[in-house]
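S.K.: Return atomic coordinates for the entry below.
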Amino acid sequence: MPMRQLFVLRHAKSSWDDPKLEDFDRPLAPRGLKTAPRMGRELSRRGWVPDLALVSPALRTRDTWRLAAQELARHVPAEFAEELYEATAAAILARVREAKATSLIVIGHNPGLQNFVLRLAGAGSDAGAFKKIEAKFPTAALARFTVDEGWANLEFGGARLTDFVRPKDLG
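M.R.: I've put the predicted structure just below:
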């Protein structure tokens with residue numbers, strides 16, 4: 001079985017300008033409109049192009065993925081998964097276990113996303129990356145894992161956290 005890659009991307013910075021909007025319908029802020037494509041370019045630059053995207057259907061996550069995906073070297077199909085909106089770590093793991101791809105990206109929200117990443121990191125994980133994520137998983141940040149087993153068998157502690165990239169790390 002080939003080694004699997006899992007990328008976990010928090011949505012880019014969203015706008016709170018319109019207090020009448022429901023949380024689900026909040027758009028990206030100007031900063032988010034800049035960082036989402038920047039993270040897509042970084043994915044492409046590193047050769048980290050997933051086979052499938054699992055995206056929360058909230059407007060800010062859909063827009064983050066749309067802008068990032070435009071920068072990738074090839075088209076990546078997306079599934080908009082209702083269960084990823086305001087998801088717990090356990091709900092995210094359950095959805096990842098259903099995936100039918102070798103390389104996968106999940107785009108979602110905190111605090112569930114940060115908790116998922118911290119719980120997923122197991123033996124052989126990058127300690128420096130883990131400490132940064134423990135401190136903060138900012139908007140448009142990306143965690144990368146390698147996974148030896150199939151998605152269906154993935155457990156918390158069952159992946160190696162190899163990288164953590166924040167927009168501020170890109171200059």
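S.K.: so what's residue 30 scoring on pLDDT?
M.R.: Reading off the per-residue confidence, residue 30 sits at a pLDDT of 97.
S.K.: what about it, neighbour count?
M.R.: Other residues near residue 30 come to 9 when the count uses other CB atoms under 10 Å. Every residue, glycine included, has its C-beta placed from N, CA and C.
S.K.: With residue 152 instead?
M.R.: Residue 152 - counted by other CB under 10 Å - has 10 other residues nearby.
S.K.: Tell me the secondary structure at the residue nearest to residue 137 when sequence neighbours are not counted.
M.R.: Counting by CB to CB, 6 or more residues apart in numbering, residue 114 is the residue found nearest to residue 137 once chain neighbours are left out, at 3.8 Å. Following DSSP: H, G, I helix; E, B strand; the rest coil, we place residue 114 in the helix state.
S.K.: same question, the one 4 residues further on
M.R.: Following three-state DSSP, the label given to residue 118 is helix.
S.K.: thought residue 124 was touching residue 158?
M.R.: No - checked against CB atoms under 8 Å, the pair residue 124 and residue 158 is beyond contact range at 10.9 Å.
S.K.: Between these two, which is the more surrounded one?
M.R.: The neighbour count for residue 124 versus residue 158, taken as other CB under 10 Å, is higher for residue 158 (17 against 10).
S.K.: give me every residue that touches the closest residue to residue 3 other than its chain neighbours.
M.R.: Counting by CB to CB, 6+ apart, residue 3 lies nearest to residue 146, which is 5.6 Å off, once chain neighbours are set aside. Taking CB atoms under 8 Å, 6 or more residues apart in numbering as the contact definition, residue 146 lies against 3-6, 159-160, 162.
S.K.: If any of those residues are buried, give me the ChimeraX selection for them.
M.R.: For the buried members of the contacts of residue 146, the matching ChimeraX selection, counting by 16 or more other CB atoms under 10 Å, is:
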select :4,5,6,159,160
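S.K.: Which of the contacts of residue 146 sits closest to residue 84?
M.R.: When the contacts of residue 146 are ranked by distance to residue 84 (CB to CB), residue 6 comes first, at 13.8 Å.
S.K.: in the chain, which spans are strands?
M.R.: In chain order, the chain shows strands spanning 4-10, 52-55, 78-80, 103-108, 142-147, 160-165, with DSSP state E as the criterion.
S.K.: Just say which of the ones you listed is most tucked in.
M.R.: strand 103-108 (a mean of 25; mean count of other CB atoms under 10 Å).
S.K.: Against the centre of the chain, work out the most remote residue.
M.R.: Counting by CA atoms, centre = their mean, the extreme residue of the chain relative to its mean C-alpha position is residue 20, 27.5 Å from that point.
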